[in-house]
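[1] Predicted structure and sequence below. I'll ask about it afterward.
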Amino acid sequence: MPPTTSPDARARLWRAAQLAPVLSVLVLLFGGALVLALAQSLGFAPWFGVNTFPDPSYFGSLWGSADFWVSLGLTLAYALAATGLALILGTALALALVRAFRGQRLYKYIYKLPLMIPYTVGIALAVLMLGNGGMVSRLAAFVGLIDSPGEFPRILNTHYGWGIIAVYVWKQTPFVALSVYAVLLGIGRDTSEAAAILGANRRQIFWRVTLPQILPGIVSAALICFAFNVGAFEAPFILGGGYPDTLPVVAWRYFNDADYTLQIQGMAVVVSIALVAGLILFAWLALYRWQERRMGRR
Amino acid sequence: MPLLAKARHVRVSREGVCVTEVQLRSVAKRFGDEVAIEALDLRIPDGELVALLGPSGCGKTTTLRMISGLETPSAGQILFEGRDVSGVSVQERNVGMVFQRYALFPHMTVEKNVAFGLSIRGLPKSEIAERVAEILGVVQLSEYRKRFPSQLSGGQMQRVAIARTLITEPDVLMMDEPLANLDTGLRGEMRRFIRELQQRLGITTIFVTHDQVEAMELADRVAVIFDGRLAQYGAPDRLYRKPASLNVARFLGATNLVPGRLRDPDLVDTPLGTLVCPWRQGQTGDAVHVMARSELIDIGTERTAPTDIEGRIIAREFFGATVSYSVACQNTHVNVTEQARRMLELGAPVWLKLAPEHMWIIPE
Ligand SMILES: Nc1ncnc2c1ncn2[C@@H]1O[C@H](COP(=O)(O)OP(=O)(O)OP(=O)(O)O)[C@@H](O)[C@H]1O
Ligand SMILES: [Mg+2]
């Protein structure tokens, strides 16, 4: 018997073949880009005639300016607020959807609409509705709440970021609802009914029985939303309050500057975003793991 | 038992145990256009163990869900101790339910699962710990208290579900096919366990099953349900020996159901000849079936009485303790089961004795 291909070795080979496409994309494209970005932000850009690697001065000047920290604060604040709101609204929506009610089928179609509409359309809708002279202000003037549409308080383009948060929440609530809904269907209603018979009221059922079971779904949905919100560019660019901008917008401005050596500065911003987002997501996961361990799971 | 005093629908029996009588009055349940329960009348005496027996989809689970308050009847009333409970929420009914698939909380240890009902009621931690330890001892799971449900066997999960329910001291205990997922050995063990526990605590218990042997062994009374209707309700031996309808007889495993016509109050013309069975109902000419339980028929190789029925063994099945013969008589088949003390040969001519007191007439 030739000892060439045992079933074991074949299984391993097959697994490698399955993993290879994704792995190569991840390692070559993504990993390579990351290394390149890091190298460039440290002064390695021979194609611009710059090569002072390793040169921490780009980070130094970036992190040394107070505006950077304001930008970072704004970026995180918008992302956190939007993620938190979407989580609460999406979870509530999912909980409502698993109960039978009239018009449920129609509702199940409608709530997913924002998922199919691109962000840019959402942003345009926000401008139409919430902008100065938008539908909401006209309506308010028409009803007589204010004298003219111009008196309507500014919602968009302020540093409160209402418009940005609104667009994120509009788009991500259905996403959270969709993922939590799938988890809820999986756990079924048995455990919550058992809890009710044991005497638990609605609130107790949610906090002690339902939430712990859907938590993994919520945690991963939060991860995806937050990562997107931190790095997204269009919404803060169009709906944001101007200087100081959020970090992705800052990076974009550097990249678009006539002085192309500023691209290196832009790279430092991008790497900073990646660092901060990575740290926060890592901490979030560590917190979740710790919580799981505390409950005795894993 | 400190919690019992607070329970609402209870009466304290002479033995000092709290008991609740449950009554269903023409209860019906529809899901949209589909009728799950047509009209169910049932009185479950306090402290008894009643089995709901019926084929899949006949409405057993739905009945339990209505008693527990998880489902609202479309019509009719449910009474605990004579009081209508339609306005009482699930949480306040103080019933217990062991679900068909256990429904343990997967994110809690055995201990936490069992403690849930008490911790919801806000009992002090020390008292909870004490009572959890006690009930885990009763169900023999003390050493598994730190495990998660996914780390338990079916029988262990089952016992956790029972302990979790019993610790809240329900007035009415309901179990939805609690033994369906267990292997034969464990099933017998759990059956004895449930019976003993129920007798010790004296809780009114409703038990769903579609296994007739289980119903016979466990229950004080059995309610047979077909298509959302009560087909018969009575003591197990009565159902077994004197089924009210052909369906009940078949469901309880009767094999010898011979069609016939009533000739006289206690004479029936059948393909086996004219049989003598006591019956004081119906009129001459009525179509009936005669049921003769296979284990109550005597089989012999000689004719000893003029009423003996001649036949020939055409098949034989050996079950270890018993042996079952299929006997061709005239143009019907009769099944006969007897202790496996002897083995009659295939093809042998035999004589069957059908004693009048062992036969039962079922009207059409
Ligand atoms: N939520 C529901 N919606 C619609 N129909 C239902 C619902 N629950 C039960 N039914 C129907 O009601 C009938 C009775 O169901 P039920 O679950 O009570 O049966 P069962 O006797 O417990 O059966 P099994 O032995 O298989 O558990 C079935 O025909 C079922 O399809
Ligand atoms: Mg059922």
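    Cool, the structure landed. Ligands and ions are numbered 1, 2, ... in the order given.

[2] make it CA atoms for all contacts and neighbour counts henceforth
    Fine.

[3] For residue 165, what is the enclosing helix or strand?
    Since no chain was named, I'll use chain A. helix A:162-187 (DSSP states H and E).

[4] that answer is for a different chain, and I need it for chain B
    helix B:154-166.

[5] what does that helix contact?
    A:198, B:96-99, B:102-104, B:110, B:113-117, B:135-136, B:139, B:141, B:149, B:173, B:178, B:181-182, B:186, B:190 (C-alpha atoms under 8 Å, 6 or more residues apart in numbering or on different chains).

[6] Okay, buried residues for that helix please.
    B:154-166 (16 or more other C-alpha atoms under 10 Å in any protein chain shown).

[7] what's the offset of that helix from the middle of its chain?
    20 Å (C-alpha atoms, centre = their mean, to the nearest Å).

[8] which residues of the chain score low on pLDDT?
    Assuming you mean chain A. A:1-5, A:296-298 (pLDDT under 70).

[9] wait, I meant chain B there
    In the predicted model, chain B carries pLDDT under 70 at residues B:1-19, B:280.

[10] And the helices in it, which stretches?
    B:60-68, B:110-120, B:125-138, B:154-166, B:184-201, B:212-218, B:236-241, B:246-251 (DSSP state H).

[11] With distance to residue A:69 added, can I get those helices in TSV?
    Converted to TSV, the helices of chain B look like this (distance: least, C-alpha to C-alpha, whole Å):
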stretch	distance to residue A:69
helix B:60-68	59
helix B:110-120	46
helix B:125-138	48
helix B:154-166	54
helix B:184-201	66
helix B:212-218	72
helix B:236-241	80
helix B:246-251	78
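
[12] Helix B:184-201 and the helix holding residue B:165, what's the angle between them?
    Orientation note: helix B:154-166 sits at an angle of 20 degrees relative to helix B:184-201 (axes from the mean of the first three to the mean of the last three C-alpha atoms, to 10 degrees).

[13] how much does helix B:154-166 deviate in direction from helix B:110-120?
    20 degrees.

[14] quick one, strands of the stretch 201-350 of chain B?
    Per DSSP state E, counting those that start in this stretch, the stretch 201-350 of chain B carries strands over the ranges B:204-209, B:221-226, B:229-234, B:257-264, B:267-270, B:273-276, B:287-292, B:298-300, B:309-318, B:322-329, B:332-339, B:349-353.

[15] Show me what the second one pairs with in its sheet, parallel or antiparallel.
    Put plainly, it is strand B:221-226. strand B:49-53 (parallel), strand B:229-234 (antiparallel) (DSSP bridges).

[16] swap in the last one?
    In its sheet, strand B:349-353 lies beside strand B:298-300 (antiparallel), strand B:309-318 (antiparallel), with partners assigned from DSSP bridges.

[17] Not counting its own residues, what contacts that strand?
    B:297-303, B:307-313.

[18] rerun that using 7 Å as the cut-off
    Contact partners of strand B:349-353, identified using C-alpha atoms under 7 Å, 6 or more residues apart in numbering or on different chains, comprise B:297-303, B:308-313.

[19] The fifth one too?
    With C-alpha under 7 Å, 6+ apart as the test, strand B:267-270 has contacts from B:258, B:259, B:260, B:261, B:262, B:263, B:274, B:275, B:276, B:277.

[20] Buried ones from the residues you listed, can you make that a ChimeraX selection?
    Listed next is the ChimeraX selection for buried residues among the contacts of strand B:267-270, using 16+ other C-alpha under 10 Å:
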select /B:258,259,260,261,262,263,275,276,277
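
[21] Could you provide the contacts of strand B:267-270 in CSV, with additional columns for distance to residue B:342?
    CSV is the format used below for these (distance: C-alpha to C-alpha, whole Å):
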residue, distance to residue B:342
B:258, 27
B:259, 31
B:260, 32
B:261, 35
B:262, 36
B:263, 37
B:274, 30
B:275, 28
B:276, 29
B:277, 29
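
[22] what's the most distant pair in the contacts of strand B:267-270?
    B:258 and B:263 (14.9 Å; C-alpha to C-alpha).

[23] Find the centremost residue of chain B, please.
    residue B:215 (2.8 Å; C-alpha atoms, centre = their mean).

[24] Check whether that one really touches residue B:49, as I assumed.
    No: Residue B:215 lies out of contact with residue B:49 (C-alpha atoms under 7 Å); the separation is 9.8 Å.

[25] near ligand 1, which residues of chain B show up?
    Within reach of ligand 1 by C-alpha under 6 Å from any ligand atom, chain B has these residues: B:31, B:36, B:55, B:56, B:57, B:58, B:59, B:60, B:61, B:62.

[26] Nearest to residue B:74 among those?
    For the residues of chain B next to ligand 1, the nearest to residue B:74 is residue B:31 (8.8 Å; C-alpha to C-alpha).

[27] how many neighbours does that closest one have?
    A total of 9 residues lie near residue B:31 under the criterion other C-alpha atoms under 10 Å in any protein chain shown.

[28] Report the beta-bridge partners for it.
    Bridge pairing for residue B:31 - DSSP bridges - gives residue B:34.

[29] And for residue 57, nearest residue in space, chain neighbours not counted?
    Since no chain was named, I'll use chain A. In space, and not counting its chain neighbours, residue A:57 is closest to residue A:42: 7.8 Å by C-alpha to C-alpha, 6 or more residues apart in numbering or on different chains.

[30] Hmm, no, I was thinking of chain B.
    Using C-alpha to C-alpha, 6+ apart, the nearest residue to residue B:57 is residue B:227, at 7.5 Å.

[31] Over to that neighbour: give its phi and psi.
    phi 50, psi 50 (degrees, to the nearest 10).
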